[in-house]
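*Asks:* Pasting a predicted model and its sequence here:
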Amino acid sequence: MLTRDRIGALLMLVFSLFYWLHIDDIRVLPFQASSAMTGQTIPEILAVLGIGLSVLALLRPSSSEKLVLTGFQWRRAALICLLMIAYGFTVRPVGFLISTSLFLIGSIVVLGERRLWVILVASVPLVVLFWALMTQVLGVFIEPWPEFLGE
Amino acid sequence: MLEGIWSGLTTAASPINLLMVAVGCFVGTFIGMLPGLGPISAIALMIPITYGFDPATGLILMAGVYYGAIFGGSTSSILINAPGVAGTVATAFDGYPLARQGMAGKALAIAAYSSFSGGTIAAILLLIAAPSLAVVSRAFQSTDYFALMVLGLTAVAAFAGKGNVIKALLMTVVGLMLATVGSDPSMGVPRFTFGMIDLADGISFLLLAMATFALSEALMGIIRPKSDADRLREMEAQKNLGSMKVEKSEIKEMAPVIGRSSVLGFFVGVLPGAGATIASFLAYGIEQRLAGPKKGALFGKGSVRGLSAPETANNAACSGSFVPLLTLGIPGSGTTAIMLGALISYGIQPGPQLFERNPEVFWSVIISMYIGNVILLVLNLPLIPYIARVLAVPSTVLLPMIVFFSLIGVYFVSFNTFDIHLMVLFAVVAVALRLLDFPMAPMLLGFILGGMMEENLRRALSIYNDSWSFLWERGLTLSILIIAALVLFVPMIGPKITAALARRKETAGEGG
């Protein structure tokens, strides 16, 4: 039976096998060939441990509980993840102030907040304050505006 | 030693460091109160800010955050029965019933006095134990350190609880695997970088900690939202905290509990992997038994002893967990692991050398812990009614803030947008693993110890001419490895042996 523990063990097994398959990509330098420890040694030990423990977890799961995925807010979490990815792509070209404000506004709206004053107060002033604190007090330079305005 | 203590005292008592302890305690309390966010997340969120500080100041701030987070967790346990951290779950057993009886103020005061006393006694024990262990550890070689790290990792897995040992071990191995990403420390050969320059320096520990704790905890809060209405209703019910005065008879009742729980908590904290959670449950259980049938029956219904014991023990365990970190450089818990990561990034290697080379860091951290306890008592306790308002901030605003601070905390260190994307990936995987009931702390511990373990193993092999014989030839190494094996296997096999013996006895009894 595919229990919660077994699904976890299966994922761990796949990860360990993937890790093991890439050990050969680690170059062993010629003078290391006969030494007891090369760059591959620890990964080899870990891959064996990972595969062994995953198989053990597969064969002897600690509980028979099934994985329940209903009743969760998947859509909201997925949208937040997409916003984070978009933030990663925009923080440089669009600048800190605009991209971060948009990210916060987007996240607050995605989580269900509809009061305009809450959305605005919790985003734009906070971002400006944070930017001022970092640049003026802590001396960390952060490009505030889009790249083309900074040129 | 006295010179060291004096230099630590002057460092800890400097205005900037006093300010940092106060800020740390305050911010820690604030974050620790938020359900789901524990000290690991609180410290992780602080690390980027501390990069500009000198190591002693940074570490003092983080120690303050640690204490504050535990105190904040206790507050939300007592006020709304929502422990922010596992270490304060036992606090809710009697703290919440007391609050329901209209004595929230008293419950908070008892928790604060107990924490303060536990922290004070533990700080004194730390003052004695840490230098002694640091002196002993000077005799340790790379082989022993390697064995100690194996012990630390197995202990964390062994204390993971029934049915979770294999999962915790697997997560430890995953952490060790992630630590191998990047350039091989001795030859500079790339490992698991898949040709990406961004991975050449390996995965940043801050990124991993932030993604798997702060960010994934925020995502869990989004996936499984707890009703703000329930939280607000509880807050409304506790609006009037009542008097914070503790009666003389109650102090008399608490005093022996505090004494016992402090010592117990400290020593449990010193053990790798055990930590505040086990200490608090153990103290609660012991005190319930010692209370006798009449007073023991009050446990769970608002007992003063039942609240005082776990609160004392969890604070004492926090101090105890610093012993292996400061003296051996080996963290015994997820929280001290993240502190070790921060220390390494400051260019400081904890261990016996820390005691010799940076005595001001060593001692100022120990002394600042005591100052932190005082601040929690005199500053945070009266401010609790105001700090508790953070619980009223809607999660629609709070969760995006946590996400923002997590992302920006990592981005501001590297200014590499690849890190933001890698964080999202790790956070999503961490959420999946949390849903599958895999613990995160062993992974973080494995990740932080991974590089050090490999380095010590390499050094040991070079000392022993490429022979693995040090594993059984050097007595100290072998002893530590045997302890590691016992720690791991006795809880697994022990109950089975006991059951088999009982069965045999039963059969013999029937036969006879």
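*Replies:* That came through fine.

*Asks:* Quick check: chain neighbours aside, which residue is closest to residue 113?
*Replies:* Picked chain A for this. Nearest non-adjacent residue to A:Glu113, counting by C-beta to C-beta, 6 or more residues apart in numbering or on different chains: B:Thr396, 3.9 Å away. For glycine as for every other residue, the C-beta is placed from the backbone atoms N, C-alpha and C.

*Asks:* actually chain B
*Replies:* B:Val246 (6.6 Å).

*Asks:* How about B:Arg224?
*Replies:* Using C-beta to C-beta, 6+ apart and skipping residues adjacent in sequence, the residue nearest B:Arg224 is A:Phe72, 6.1 Å away.

*Asks:* B:Ile223 is in contact with that neighbour, correct?
*Replies:* Yes. If you go by C-beta atoms under 8 Å, A:Phe72 and B:Ile223 touch, sitting 4.7 Å apart.

*Asks:* So for these two, which residue has more residues nearby?
*Replies:* Counted by other C-beta atoms under 10 Å in any protein chain shown, A:Phe72 and B:Ile223 do not tie: B:Ile223 has more neighbours, with 20 against 15.

*Asks:* Tell me how far the more buried one lies from B:Leu422.
*Replies:* For B:Ile223, the distance to B:Leu422 (C-beta to C-beta, to the nearest Å) stands at 21 Å.

*Asks:* Just give the number of residues close to the residue nearest to A:Glu113.
*Replies:* Residues near B:Thr396, counting by other C-beta under 10 Å: 22.

*Asks:* Same check on B:Ala508?
*Replies:* Neighbours of B:Ala508 (other C-beta under 10 Å): 9.

*Asks:* can you tell me the helix or strand for it?
*Replies:* In this structure, B:Ala508 sits in helix B:475-511 according to DSSP states H and E.

*Asks:* Return the residues in contact with B:Ala134.
*Replies:* Going by C-beta atoms under 8 Å, 6 or more residues apart in numbering or on different chains, B:Ala134 touches B:326-327, B:352, B:354-355, B:362.

*Asks:* Okay, and which of those map to helices?
*Replies:* Under the assignment DSSP state H, the contacts of B:Ala134 contribute B:326-327, B:352, B:354-355, B:362 to helices.

*Asks:* burial of residue 6, as a residue count?
*Replies:* Chain wasn't specified; assuming chain A. A:Arg6 has 18 neighbouring residues, counting by other C-beta under 10 Å.

*Asks:* could you do chain B instead?
*Replies:* 13.

*Asks:* again with B:Lys295
*Replies:* Other residues near B:Lys295 come to 16 when the count uses other C-beta under 10 Å.

*Asks:* swap in the one 3 residues further on?
*Replies:* Around B:Leu298 there are 16 other residues, counting by other C-beta under 10 Å.

*Asks:* contacting residues for the spatially closest residue to it that is not a sequence neighbour?
*Replies:* For B:Leu298, ignoring the flanking residues on the chain, the nearest one in space by C-beta to C-beta, 6+ apart is B:Gly306 at 7.2 Å. By C-beta under 8 Å, 6+ apart, the contact list for B:Gly306 reads B:93-94, B:284, B:287-288, B:298-300.

*Asks:* Surely the residue nearest to A:Glu113 and A:Arg115 touch.
*Replies:* No. Assessed by C-beta under 8 Å, B:Thr396 is found out of contact with A:Arg115, at 9.3 Å.

*Asks:* So which residues on the stretch 251-400 of chain B come close to chain A?
*Replies:* B:394-397, B:399-400 (C-beta under 8 Å from any C-beta of the partner chain).

*Asks:* got the domain boundaries for chain A?
*Replies:* A:4-59, A:74-150 (automatic domain parsing).

*Asks:* Which of those domains sits closest to B:Met187?
*Replies:* domain A:4-59 (5.9 Å; C-beta to C-beta).

*Asks:* do that closest one and chain B meet at all?
*Replies:* Yes. Against chain B, domain A:4-59 shows contacts by C-beta under 8 Å from any C-beta at A:4-5, A:7-9, A:11-12, A:15-16, A:19, A:22, A:25-29, A:32, A:35-37, A:39, A:42-43, A:46-47, A:49-50, A:53-54, A:56-57.

*Asks:* In helices, which of the residues you listed fall?
*Replies:* Assigned to helices by DSSP H, the following of the residues of domain A:4-59 next to chain B qualify: A:4-5, A:7-9, A:11-12, A:15-16, A:19, A:42-43, A:46-47, A:49-50, A:53-54, A:56-57.

*Asks:* what about chain A, any weak spots by pLDDT?
*Replies:* Applying pLDDT under 70 to chain A picks out residues A:138, A:149-151.

*Asks:* returning to that earlier point: out of the contacts of B:Gly306, name the ones that lie in helices.
*Replies:* B:93-94, B:284, B:287-288.

*Asks:* Name the residues of the stretch 101-250 of chain B found near chain A, please.
*Replies:* Residues of the stretch 101-250 of chain B lying near chain A by C-beta under 8 Å from any C-beta: B:162-164, B:166-167, B:169-170, B:173-174, B:176-177, B:180, B:184, B:186-187, B:189-192, B:194, B:219, B:222-225.

*Asks:* The residue nearest the centre of chain B and chain A: what is the separation?
*Replies:* Against the mean C-alpha coordinate of chain B, by C-alpha atoms, centre = their mean, the closest residue is B:Thr335 at 3.6 Å. B:Thr335 sits 24 Å away from chain A, going by C-beta to the nearest C-beta, to the nearest Å.

*Asks:* What segments of chain B are strands?
*Replies:* Ranges of strands within chain B are B:182-183, B:190-191, based on DSSP state E.

*Asks:* who's in contact with stretch B:415-431?
*Replies:* A:77, A:81, A:84-85, A:87-89, A:91-92, B:198, B:203-204, B:207-208, B:210-212, B:215-216, B:219-220, B:223, B:406-407, B:410-411, B:440.
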